[in-house]
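A.B. asks: Fold the following, please.
(one chain, ligands or ions: 1)
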Amino acid sequence: MASKSVNIISLGCSKNLVDSERVMQQLRLSGWDVKFESDDPASVVLINTCGFIADAKEESVDTILQALEAKKKGKYGKVIVFGCLTQRYRVALKTELPEVDGIFGVDELPDILARLSTPYDHKNHFQRYQTTPSHYAYLKISEGCNRRCAFCIIPSIRGNLTSQPVETLVKEAEFLSSNGVKELILIAQDLTAYGKDLRLHDPLVHLIKALERVEGIEWIRLHYAYPARFPDGLIRLMAESEKVLPYLDIPFQHASDPILRKMQRGHTATGDKKLIGKLRSQIPGLALRTTLITGFPGETPKDFLLLKEFVEEMRFERLGIFTYSEEEGTPAAGMQDDVPEEVKAARAAEIMAIQETISLENNTGLIGKEITVIIDREEQEMMAGRTQHDSPEVDQEVYISDPGSCKPGDIIQLKVTDAGNFELYGCPA
Ligand code: SF4
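C.D. replies: Numbers count the residues shown, from 1 in each chain. Model prediction:
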């Protein structure tokens, strides 16, 4: 195996992926041969772990164990792990897995480089080795979270809110755009809290306006806005902007006030409905995405009925659902996890069945209409893309049967010819 060769495995969410891309670029700048999730042998394998919920923790531990097995067989020289799981369980992992060659938490990228005798190039901190298709990239605008939702472990892993300065993010966006990025997907633990730690007026609006000026960026997508105290300036900007997509991801989590209170969310169902009405009336063509949790401690059939009615009434264009998973160290872990797993799952399935009907009705209503689509890839003699209402990985796709008509990265007009529950079909208009 070549010396100074590294394979990176990135687990968990898009926020983790941004950290992986940053460390990969730093290694590349120092002459390392960098591969992403490759099967090739390497002198080092770096695993960016996730410690969010039970399944994610298990996947991270399994990946580390497999890498250690591969190291024994000579495939890897060193196994180094970092990220959320290791931040959370650093001491236990050191004791349980002494064969691991380096254990780092989050925000320790310079220390990882130091372990590899490689200097960290601070002046190029904004650069990334992009692993997403060249036309879209995630932009992590802040780290951490000042809220304390009862079910969430993130603040104790990632700490309080730290916003990236606007100038740094603009430089990063310029770098990404110079690599061909057209769609910037803004992410954070709490997007609408951006800049509370910076001395700026209306910081998120200020940032987005600066990003709109970056040449080559055509679409800006917003993920993980918080429902409480939603900034009016952002609504105005979304209504007027030609680049900010009519798409907003707001995790509401629940719609029963007693549950929202127990979740320590700081918003109410009435306030949420009012906000949704305001967003829909002021932002033309808006698609709302939300995520919800079923089976939070104490969720009664009446609470669940309120959640179902909320989904039926609000008709979210996109929706994801999780069943509650108790996380040690969170306030909710002190509550009795009293909803049986099969009830949590059945409730989640019921919500998804409602959503399936809503989604099919919306999709069917598009047949014969023209929509704007960004092309992501070629797949089985079809091109796969996304509408302005669809984010990569989490939302639906559009399939175009004429692969010669467009290429990845094109933004085209498409006539919708057919629709499924969670997909569209079309041909170039
Ligand atoms: S706002 Fe999100 S990241 Fe912050 S504590 Fe709540 S669920 Fe966790």
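A.B. asks: who's in contact with residue 205?
C.D. replies: Residues near residue 205 by Cβ atoms under 8 Å, 6 or more residues apart in numbering: 231, 233, 234, 237. Any C-beta I mention is one placed from the backbone N, CA and C, and that applies to glycine too.
A.B. asks: what about the helix or strand hosting residue 139 and the ligand, any contact?
C.D. replies: Using DSSP states H and E, residue 139 sits in strand 136-140. No. Using Cβ under 6 Å from any ligand atom, strand 136-140 stays clear of the ligand, coming no nearer than 13.0 Å.
A.B. asks: The protein: helices as residue ranges?
C.D. replies: For the chain, applying DSSP state H gives helices covering 14-29, 54-72, 84-96, 109-115, 154-158, 166-178, 203-212, 232-240, 257-262, 269-282, 301-314, 341-364.
A.B. asks: Compute the inter-axis angle for the last one and helix 301-314.
C.D. replies: Helix 341-364 runs at 10 degrees relative to helix 301-314, counting by axes from the mean of the first three to the mean of the last three Cα atoms, to 10 degrees.
A.B. asks: Return the per-residue confidence for residue 1.
C.D. replies: Note on residue 1: pLDDT of 67.
A.B. asks: ok, back up a step: which one of the helices of the chain lies nearest to the ligand?
C.D. replies: The ligand sits nearest to helix 154-158 of all these, at 4.0 Å, using Cβ to the nearest ligand atom.
A.B. asks: Residues touching that closest one, excluding its own?
C.D. replies: 51-52, 84, 87-88, 106, 143-148, 189, 329-330.
A.B. asks: swap in stretch 338-351?
C.D. replies: Contacts of stretch 338-351 (Cβ under 8 Å, 6+ apart): 292, 294-299, 304, 307-308, 311, 319, 321-324.
A.B. asks: just curious, which of these is nearest to residue 179?
C.D. replies: residue 319 (32.3 Å; Cβ to Cβ).
A.B. asks: list the contacts for the closest one?
C.D. replies: Residue 319 sits next to 289, 290, 291, 292, 311, 351, 352, 355 when contact means Cβ under 8 Å, 6+ apart.
A.B. asks: Format those as TSV; extra columns: neighbour count, distance to residue 267 and pLDDT.
C.D. replies: Listed next are those as TSV, based on neighbours: other Cβ atoms under 10 Å; distance: Cβ to Cβ, whole Å; pLDDT from 0 to 100:
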residue	neighbour count	distance to residue 267	pLDDT
289	23	17	98
290	23	12	98
291	17	14	98
292	23	14	98
311	22	17	98
351	19	19	98
352	15	23	98
355	22	21	98
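A.B. asks: which stretches of the protein have low pLDDT?
C.D. replies: 1 (pLDDT under 70).
A.B. asks: how about the residues of it that lie near the ligand?
C.D. replies: Within reach of the ligand by Cβ under 6 Å from any ligand atom, the chain has these residues: 145, 147, 148, 149, 152, 154, 155, 189, 190, 226.
A.B. asks: Now do residue 219 against residue 388, distance only.
C.D. replies: Computed as Cβ to Cβ, to the nearest Å, the residue 219 to residue 388 distance reads 7 Å.
A.B. asks: quick one: which of the two has more around it?
C.D. replies: residue 219 (21 against 18; other Cβ atoms under 10 Å).
A.B. asks: List the beta-bridge partners for the more buried one.
C.D. replies: Beta-bridge pairing for residue 219 (DSSP bridges): residue 183.
A.B. asks: OK, contacts around it?
C.D. replies: Residues in contact with residue 219 (Cβ under 8 Å, 6+ apart) are 136, 182, 183, 184, 243, 245, 374, 388, 411.
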